[in-house]
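*Asks:* fold the stuff below for me.
(one chain, ligands or ions: 1)
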Amino acid sequence: MVRALITDPVDEYIVNELSKNGITVDYKPGINRDELMSIIKDYEVLVVRSRTKVTREVIDAASRLRVIARAGVGLDNIDVEYARSKGIEVLNAPEGSTQSVAELVIGLMVAAARLVALQDRLVKGGEWPKGKYVGTELFGKVLGVVGFGRIGQRVAELARAIGMKVQAYDIVDLRDKATKLGVDFVDFEILIRSSDFITIHVTLTPSARHMIGEREFQMMKDGVIIINTSRGEVIDTKALLKALNDGKVAAVALDVLENEPPKEPWEVELVRHPRVIVTPHIGAETREAQRRIAEILVDKIIKYLRTNNLI
Ligand code: NAD
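*Replies:* Have a look, this model is predicted:
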């Protein structure tokens with residue numbers, strides 16, 4: 001009998017469909033680390049989102065584990081290399097949340113350019129700040145997309161429809177893809193120097209850590225607007241706070257932080273800054289994305305278990 005442990009909140013489709021396929025499912029979203037360490041030895045399948053950290057220690061304790069399934073994209077909370085070295089398959093559903101994240105980016109760009117959150121807070125506090133802040137349109141502005149994968153490309157398409165000029169950078173040469181979408185494929189430095197809005201969509205790898213730091217902020221146009229929905233570690237938070245306080249950066253919208261929730265004093269100062277909008281890592285938090293992710297993931301889990309004669 002195959003047993004599956006789910007340790008983060010997921011769409012009920014995953015629980016139901018795994019059960020229908022004869023798998024015993026224990027749904028324990030919010031389980032703490034000690035409990036996870038003590039029970040993981042009983043399971044063949046582990047389903048997580050980004051909260052559960054599947055470290056070497058967890059993998060060592062998981063003597064029956066055959067599959068780690070991440071309901072989402074990023075695998076940075078899983079020691080993938082170590083898991084695979086132990087013969088454990090690591091699955092994810094990277095395509096499920098692309099549209100949801102891309103839509104959030106467009107919303108955050110408008111919200112940052114018009115200081116929507118700040119104006120809302122002022123009105124709620126009894127003020128009527130009409131005329132106090134003059135925003136900017138997206139139309140005609142240059143959008144720099146850093147990381148031109150699934151989400152970066154979808155953001156580019158939506159931004160083009162709004163009338164933005166889009167340029168993209170990626171470590172992989174995606175010139176042909178860019179041309180098809182009406183996007184200029186440029187060097188990192190050109191993008192950093194010439195964009196009015198910069199949106200980040202890279203995967204978090206050691207080379208991507210703090211790829212936007214003090215040097216990059218200095219190169220940027222005055223009044224640039226920064227959006228990050230990828231991973232918090234891609235931006236040097238201290239340098240971002242300085243660039244905001246210096247007036248180099250006009251506004252920021254972040255769905256991801258180096259520490260979630262914010263912990264260090266400079267992070268707390270950043271999220272409280274009037275020109276910063278923060279959402280609590282909600283890029284994939286839509287009914288549609290969660291269902292899509294669930295369907296893709298269940299499909300992959302069942303296929304893997306069948307191929308390996310486990311069910
Ligand atoms: P993807 O793999 O399709 O695209 C990532 C792109 O980044 C690739 O083209 C890759 O070549 C490029 N890249 C990697 N390292 C780079 C570097 N150092 N410099 C330039 N380019 C680099 O991934 P995706 O589905 O588009 O997801 C993008 C990011 O969004 C990931 O970090 C993912 O974890 C994050 N994400 C966040 C949420 C959320 O809830 N906010 C939801 C889904 C995905």
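*Asks:* quick check: closest non-adjacent residue to the residue in the stretch 101-250 of the chain that the ligand sits nearest to.
*Replies:* Relative to the ligand, the nearest point of the stretch 101-250 of the chain is G149 (1.7 Å; CB to the nearest ligand atom). C-beta here means a position set from N, CA and C on the backbone, and glycine is covered the same way. Using CB to CB, 6 or more residues apart in numbering and skipping residues adjacent in sequence, the residue nearest G149 is H201, 6.3 Å away.
*Asks:* for the one you found, give me phi and psi.
*Replies:* phi -140, psi 30 (degrees, to the nearest 10).
*Asks:* so L143 lies in a strand, does it not?
*Replies:* Yes - L143 forms part of a strand when assessed by DSSP: H, G, I helix; E, B strand; the rest coil.
*Asks:* test my guess that it contacts L191.
*Replies:* No - with contact defined as CB atoms under 8 Å, L143 does not reach L191; the gap is 9.7 Å.
*Asks:* residues from the stretch 101-250 of the chain in reach of the ligand?
*Replies:* By CB under 6 Å from any ligand atom, the part of the stretch 101-250 of the chain that sits against the ligand consists of 101, 147-152, 170-172, 201-205, 207-208, 211, 229-231.
*Asks:* just the ones of those residues in helices?
*Replies:* Within those, residues falling in helices by DSSP state H are 101, 150-152.
*Asks:* tabulate those residues in CSV, adding columns for neighbour count.
*Replies:* Output for these, formatted as CSV (neighbours: other CB atoms under 10 Å):
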residue, neighbour count
V101, 24
R150, 18
I151, 27
G152, 28
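*Asks:* which stretches of this protein form strands?
*Replies:* Assigned by DSSP state E, the chain shows strands spanning 3-6, 24-27, 45-48, 67-70, 89-92, 142-146, 165-169, 184-185, 197-200, 224-228, 249-254, 276-278.
*Asks:* nearest to P262, of those strands?
*Replies:* Counting by CB to CB, P262 lies closest to strand 276-278 out of these; the figure is 8.1 Å.
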